[in-house]
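Q: Have a look at this fold, sequence not included:
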């Protein structure tokens, strides 16, 4: 009897581990909330993609609601997202880009090929701003209010449906 019980212990442990891993792997990482919601956008001092001598800091994000989009030329879904970002810019949404872990040349070529919806693109080659934002992949977008506070975080690319059902309502909510 004791021998049978001892044989069941590894089986029970195996089943517990399977359930634990299944629960963890079945969660959508895009559904996670950012730890930075309702907090100031992190401080930064980065050059622009277009001009290495032109530096920008956090004050760039103060004064009006801004959608900060983290992207990279190496990112295939960033290419899929670009038409939606161009539409948002056409509809009056202020966009600031963060060219994340890229080269200046590749970032510039990307914007020439796919269009440039950004008022400014910051150049973040080592990912320091991305790290401070908790970015784990591109694209990710952060809606920042006029006071420089992060109000919404969108993980993954913005779909055409997201423009109408999520992004524009969030922008409108924080413009008031």
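A: Received the coordinates, thanks. Here the structure is a predicted model, which is why all the values come from computation and not from measurement.
Q: Next up, the contacts around the most centrally placed residue in the chain.
A: Within the chain, one residue has its C-alpha closest to the average C-alpha position: by CA atoms, centre = their mean, that is residue 140, at 1.5 Å. Residue 140 sits next to 69, 70, 133, 153, 154, 155, 156 when contact means CB atoms under 8 Å, 6 or more residues apart in numbering. Glycine gets a C-beta too; all of them are placed from N, C-alpha and C.
Q: which ones among the residues you listed are found in helices?
A: Here DSSP state H is the test, and these give residue 133 as lying in helices.
Q: Report the two of the contacts of residue 140 separated the most.
A: Greatest spatial distance among the contacts of residue 140 (CB to CB): 133 and 156, at 14.5 Å.
Q: before we move on, which element is residue 47 in?
A: Assigned by DSSP states H and E, residue 47 belongs to strand 45-47.
Q: how about the helices in the chain?
A: Going by DSSP H, the chain shows helices at 2-25, 76-90, 104-114, 128-133, 160-162, 168-175.
Q: lowest-confidence stretch among the ones you listed?
A: Among the helices of the chain, helix 2-25 carries the lowest mean pLDDT, at a mean of 61.
Q: circling back to that earlier point, which pLDDT value goes with the residue nearest to the centre of the chain?
A: Turning to residue 140, the model gives it a pLDDT of 97.
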